[in-house]
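Chemist: Provide a 3D model corresponding to the input given below.
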Amino acid sequence: MSRELERAAMAAREVPTPLSSAVLLPPAKRMKRDPSCSEPSPAGWSTLPDDLVRRIADSFLVNNDLDYYMSVRGVCPSWRAATDDPSSDTRDPRFHPRGWVVLDEDFQGDGRRVLLNTLTGRFLRKKLPVLLDYYVMGTSGGFFVLADKSPPHTAHVFNPLTCCMVRFAAPVPHMVVLSEVDSSLGLALFCDSSRRIYRAAPDSESFVAVKTKSKKPAVYDCFRKAAVGGVYAEISGLKSTILAEMIAFLPMFMRIGAQMQNRGLENINFSDDPHTDVKDIQSSLVVLSGQMLLVSGAPVPFVSQVDMDAATLHPLRSIGRFAIFISNRRCLAVDTDMFPSIEANCVYFIQLLGSSAYICKSNIEDRKVQRISENPDFVKQGKRFVLIACRPVTVIQLLSSYTINIPDSQLAWQQML
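Modeler: The predicted structure is shown next:
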């Protein structure tokens, strides 16, 4: 009986495995290619027509995605030859970081920064080790304003997206706290202690103090607000007479703005004397869709169009799809189509209560004010307002932090030691 079982077991092992079971079939034999047939070559990116390469690269310039443009140029030598080199003409506005702001400005660590393209809503974290070799004086319109660490501390303007550096011949004046880059890459430097504004072009031998019609502190304070609002780059290209009038009118803008919060007038002319203290008022000038606007924050925000020719303010009920962030330090306008969590036609401003700060929102049309959160969003620590919320933070908190915090110049800090 046992022998029969052994023979049955041996027979079972010889039965072919059904095709439905999991087996490894022998690999199929490769068909030999006919040696007379040439093998097609892979697509040669380096052989693309120059005009096509240029069209691809230029498409990134529409929304100022300069980092993408530089990536295209880095593909191969033929692509670099087919596209314009930003370093060949640093004044070419196509390669200026238009619409970019530097959000992470604590000036610590290994040179990493967080940049935001306000035209597209795209965030970019970029390591910039070159910043460690200079004193960072500030940022302006996406540019970094730097100074040599060794005397006489000559100035530099650095483009973080193209890595182009514009070197100035002039040394930085003493105790400069704010810097602004204009459209021609000229520098305007602000010194709060002396209330002076200095200007220089890259080839200037020295920074020259700007002469204004009035020596009143309010003129300096208002022009400083225009700089942090990004308007300086717009008005610096105007004729000198118009620029002088602009400086004279700025204090009036601030005072009339305060009056308009209590008076619902459609048009108010400049008939009053300049305000004497506007440094801490949440008001700023900003350019939006080619129009210069006066934006006021707390207690009740409003937006007016500035008519320089008629010296008149025209209150606005709508700014379309845009929103404005403002504090007593600076102002920023964004396209809400690129930021779904931000409400259009609104002003986001900071309400200060002691050492705490709340983010508030007001619709420009109905002027209804509401807090974003029941609890404070910021707490003051030294000169900075630190977010209380646990990370990750919202876009609204991030942009509000950008407006309320302006880091000190590293050079000015060193000069105070």
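Chemist: verify the stated contact: residue 288 with residue 322.
Modeler: Yes. With contact defined as C-beta atoms under 8 Å, residue 288 counts as touching residue 322 (6.0 Å). Bear in mind the C-beta positions are built from the backbone N, C-alpha and C, glycine included.
Chemist: give me the more crowded residue out of these two.
Modeler: For residue 288 versus residue 322, neighbours defined as other C-beta atoms under 10 Å are more numerous around residue 322 (21 against 17).
Chemist: what about the nearest residue to the more buried one once chain neighbours are set aside, is that helix, strand or coil?
Modeler: Take residue 322 and drop its neighbours on the chain: the residue closest to it by C-beta to C-beta, 6 or more residues apart in numbering is residue 333, 5.5 Å away. Classification of residue 333 by DSSP: H, G, I helix; E, B strand; the rest coil places it in strand.
Chemist: who's in contact with the spatially most central residue of the chain?
Modeler: Residue closest to the mean C-alpha point of the chain, counted by C-alpha atoms, centre = their mean, is residue 101 at 1.2 Å. Residue 101 makes contacts with 115-116, 118, 139, 141-142, 332, 402, as judged by C-beta atoms under 8 Å, 6 or more residues apart in numbering.
Chemist: the chain - how does it break down into domains?
Modeler: According to automatic domain parsing, the chain comprises the domains 48-84, 96-210, 214-412.
Chemist: Serialize these to TSV and add fields for distance to residue 90 and mean pLDDT.
Modeler: Output for the domains of the chain, formatted as TSV (distance: least, C-beta to C-beta, whole Å; pLDDT from 0 to 100):
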stretch	distance to residue 90	mean pLDDT
domain 48-84	12	93
domain 96-210	5	90
domain 214-412	15	76
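Chemist: count the neighbours of residue 147 for me.
Modeler: Neighbour tally, residue 147, other C-beta under 10 Å: 24.
Chemist: quick check: next helix or strand after the helix or strand harbouring it?
Modeler: Using DSSP states H and E, residue 147 sits in strand 143-148. Using DSSP H and E, the helix or strand that follows strand 143-148 in sequence is strand 154-158.
Chemist: tell me the angle the next helix or strand after that following strand makes with strand 154-158.
Modeler: Toward the C-terminus, strand 154-158 is succeeded by strand 165-171 as the next helix or strand (DSSP H and E). With axes from the mean of the first three to the mean of the last three C-alpha atoms, to 10 degrees applied, the angle from strand 165-171 to strand 154-158 works out at 160 degrees.
Chemist: strand 165-171 pairs with which strands, parallel or anti?
Modeler: Its sheet considered, strand 165-171 pairs with strand 154-158 (antiparallel) by DSSP bridges.
Chemist: contact partners of the partner strand?
Modeler: Here strand 154-158 has contacts from 130-131, 134, 137, 143-148, 164-172, 181, 185, 187, 189, 200, 202, using C-beta under 8 Å, 6+ apart.
Chemist: list the buried residues of it.
Modeler: 155-158 (16 or more other C-beta atoms under 10 Å).
Chemist: how far off centre is that strand?
Modeler: Strand 154-158 sits 19 Å away from the centroid of its parent chain (C-alpha atoms, centre = their mean, to the nearest Å).
Chemist: do stretch 129-148 as well
Modeler: Using C-alpha atoms, centre = their mean, the offset of stretch 129-148 from its chain centre is 14 Å.
Chemist: for stretch 85-99, same thing?
Modeler: 16 Å.
Chemist: that stretch: end-to-end distance?
Modeler: Start-to-end span of stretch 85-99 (C-alpha to C-alpha, to the nearest Å) is 21 Å.
Chemist: which parts of that stretch are buried?
Modeler: 86, 90, 95-99.
Chemist: tell me the one of those residues nearest residue 387?
Modeler: Nearest to residue 387 out of the buried residues of stretch 85-99 is residue 99 (C-beta to C-beta; 24.2 Å).
Chemist: tell me, how many residues neighbour the nearest residue to that closest one once chain neighbours are set aside?
Modeler: Spatial nearest neighbour of residue 99, excluding adjacent residues (C-beta to C-beta, 6+ apart): residue 119 at 4.0 Å. Per other C-beta under 10 Å, the neighbour tally for residue 119 reads 16.
Chemist: quick check, residue 119 in a strand?
Modeler: No. Residue 119: not assigned to a strand; according to three-state DSSP it is coil.
Chemist: look up phi and psi at it.
Modeler: phi -80, psi -30 (degrees, to the nearest 10).
Chemist: again with the one 3 residues further on
Modeler: According to degrees, to the nearest 10, the main-chain angles of residue 122 amount to phi -90, psi 130.
Chemist: now for it: which residues touch it?
Modeler: Neighbours of residue 122 in contact, by C-beta under 8 Å, 6+ apart: 65, 116.
Chemist: going by neighbour count, list what's buried in whichever helix or strand residue 222 is part of.
Modeler: Element membership for residue 222 (DSSP H and E) is helix 217-228. Across helix 217-228, burial judged by 16+ other C-beta under 10 Å covers 218-228.
Chemist: out of these, who's nearest residue 111?
Modeler: Taking the buried residues of helix 217-228 together and measuring to residue 111 by C-beta to C-beta, the closest member is residue 228, at 23.7 Å.
Chemist: pull the number of nearby residues for the spatially closest residue to the closest one that is not a sequence neighbour.
Modeler: Nearest non-adjacent residue to residue 228, counting by C-beta to C-beta, 6+ apart: residue 330, 3.9 Å away. Neighbour count of residue 330, defined by other C-beta under 10 Å: 22.
Chemist: isn't residue 330 right up against residue 283?
Modeler: No. Here residue 330 does not reach residue 283: they are 11.2 Å apart, not a contact under C-beta under 8 Å.
Chemist: only the buried residues of stretch 357-376, if you could.
Modeler: Buried, per 16+ other C-beta under 10 Å, within stretch 357-376: 357-364, 369, 376.
Chemist: before I go, just wanted to say thanks for your time.
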